[in-house]
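Q: Fold the following for me, if possible:
(one chain, ligands or ions: 2)
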Amino acid sequence: MSVNKIMVIGAGQMGSGIAQVCAAAGYTVLLNDLKQEFVDRGLGIINKNLSRQVSKEKMTAEQMEEVLSHLTPSTDLNDAKDVDLVIEAAVENMEIKSKIFSQLDSIAPAHAILASNTSSLPITEIAAVTNRPEKVIGMHFMNPVPVMKLVEIIRGLATTDEVYQTIEDITKKLNKVPVEVNDFPGFVSNRILMPMINEAIYTLYEGVATKEAIDEVMKLGMNHPMGPLTLADFIGLDTCLYIMETLHEGFGDTKYRPCPLLRKYVKAGWLGRKTGRGFYVYEL
Ligand SMILES: CC(=O)CC(=O)SCCNC(=O)CCNC(=O)[C@H](O)C(C)(C)COP(=O)(O)OP(=O)(O)OC[C@H]1O[C@@H](n2cnc3c(N)ncnc32)[C@H](O)[C@@H]1OP(=O)(O)O
Ligand SMILES: NC(=O)C1=CN([C@@H]2O[C@H](COP(=O)(O)OP(=O)(O)OC[C@H]3O[C@@H](n4cnc5c(N)ncnc54)[C@H](OP(=O)(O)O)[C@@H]3O)[C@@H](O)[C@H]2O)C=CC1
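A: Numbering: from 1, shown residues only. Ligands and ions are numbered 1, 2, ... in the order given. Below is the predicted model of the structure:
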């Protein structure tokens, strides 16, 4: 199936990165969020990333303009009426995602594929709110999207081989590496990564070491590019909590219980880098 026009829903850190790489690969991209100010914030991130590449002479100013010309802001889901693919990257919340997919199902053309960048929620359940479950799939990018090579592709129960193949081909066109996985809570990436992050938070909570010491152990001892608490702040503590809750509920196993300190920080609005405070403090 040929895909030319893509709508990305959610102009946060993931949606803006996904829109950027799709535009850079030559697709026509609509970047959608609830309000114009959120779309502008996403376009601002893209501008900053591309300008950095221009200043490092990895891209010319003309190429940057070309990429930007492929991007159109949107605050109306009805703009999905003539797209070939939607990649949803709104917040990690089943109710919100279900509502978006059910609306999209009645707006997007019959041939359009509806993909979710969810980091843990069941694709099969998201697909079930639509009348086209065979065209619903998980397309899980990693943060920061312009840098990270992996896209975890998740087949829902009804996803067809043709839809899987189209998404795999697009992933390669985005210069990324597809890895196929089945639909279980957290898929592969977050089933393994998030319990490690949660355990690092328990290690802090139980006073085993300072946050700096915990991060240093994993950076220098295991060669991780970021310590787990820095990485949690980078991902967003709200997203980390949602993922742990999905694992906990999905498997019914207490080993996935979210650390109370993680809950406390999220309740306080300390969501990590994006709000200026998480385990560490950041300049906004
Ligand atoms: C939660 C989920 O569902 C799944 C997930 O995504 S889990 C999170 C997965 N991601 C990770 O684990 C990231 C771990 N961290 C890293 O790999 C690295 O620290 C990092 C790539 C983020 C930064 O790398 P670094 O070497 O420390 O920094 P730096 O030298 O400044 O950056 C390297 C390159 O990345 C780019 N970069 C860094 N941060 C960026 C960002 N937020 N957006 C875009 N580009 C970025 C830089 O511009 C630089 O590009 P060039 O090579 O073209 O010059
Ligand atoms: N952070 C990460 O490292 C990764 C996250 N993901 C997944 O990507 C998705 C987005 O995460 P992330 O970008 O970090 O989150 P952010 O909080 O940065 O961005 C989410 C964006 O979606 C917007 N939004 C919320 N509801 C709607 C809606 N109904 N319609 C359109 N836009 C909406 C939010 O607006 P508002 O500001 O008003 O809430 C916000 O702009 C989540 O599903 C997450 O699990 C996947 C891989 C990695």
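
Q: Up against ligand 2, what does the stretch 51-200 of the chain have?
A: Ala89, Ala90, Val91, Glu92, Ile96, Ile100, Asn117, Thr118, Ser119, His140, Phe141, Asn143 (CB under 6 Å from any ligand atom). For every residue, glycine as well, the C-beta is placed using N, CA and C.

Q: give me that answer again for 5 Å
A: Residues of the stretch 51-200 of the chain that fall close to ligand 2, judged by CB under 5 Å from any ligand atom: Ala89, Ala90, Val91, Glu92, Asn117, Thr118, Ser119, Asn143.

Q: now these as TSV including secondary structure, distance to Ala213 and pLDDT?
A: Shown next, in TSV, are these (DSSP: H, G, I helix; E, B strand; the rest coil; distance: CB to CB, whole Å; pLDDT from 0 to 100):
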residue	secondary structure	distance to Ala213	pLDDT
Ala89	coil	34	98
Ala90	coil	36	97
Val91	coil	32	93
Glu92	coil	29	91
Asn117	coil	33	98
Thr118	coil	33	97
Ser119	coil	27	95
Asn143	coil	25	97
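
Q: Buried among those residues? Need that as a selection in PyMOL.
A: Paste this into PyMOL to select the buried members of those, with burial taken from 16 or more other CB atoms under 10 Å:
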select buried, resi 89+90+92+117+118+119+143
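
Q: Intersect the residues of the stretch 51-200 of the chain next to ligand 2 with the contacts of ligand 1.
A: Ser119, Asn143.

Q: who's in contact with Lys56?
A: Counting by CB atoms under 8 Å, 6 or more residues apart in numbering, Lys56 touches no other residue.

Q: Kindly report the same for Lys255.
A: Per CB under 8 Å, 6+ apart, neighbours of Lys255: Pro195.

Q: how about 7 Å then?
A: Applying CB atoms under 7 Å, 6 or more residues apart in numbering to Lys255 gives no contacts.

Q: Enumerate every residue touching the residue of the chain found nearest ligand 1.
A: Nearest residue of the chain to ligand 1 (CB to the nearest ligand atom) works out as Ser119 at 3.0 Å. Shown in contact with Ser119 (CB under 7 Å, 6+ apart): Glu92, His140, Asn190, Thr239, Ile243.

Q: need the residues of the stretch 101-250 of the chain near ligand 1, please.
A: So the stretch 101-250 of the chain meets ligand 1 at Ser119, Met142, Asn143, Pro144, Pro146, Val147, Pro225, Met226, Ile235 (CB under 5 Å from any ligand atom).

Q: which ones among the residues you listed are found in helices?
A: Among these, the members found in helices (DSSP state H) are Ile235.

Q: Just name the closest of the residues of the stretch 101-250 of the chain next to ligand 1 to Met14, please.
A: Taking CB to CB as the measure, Met14 sits nearest to Asn143 out of those, at 6.3 Å.
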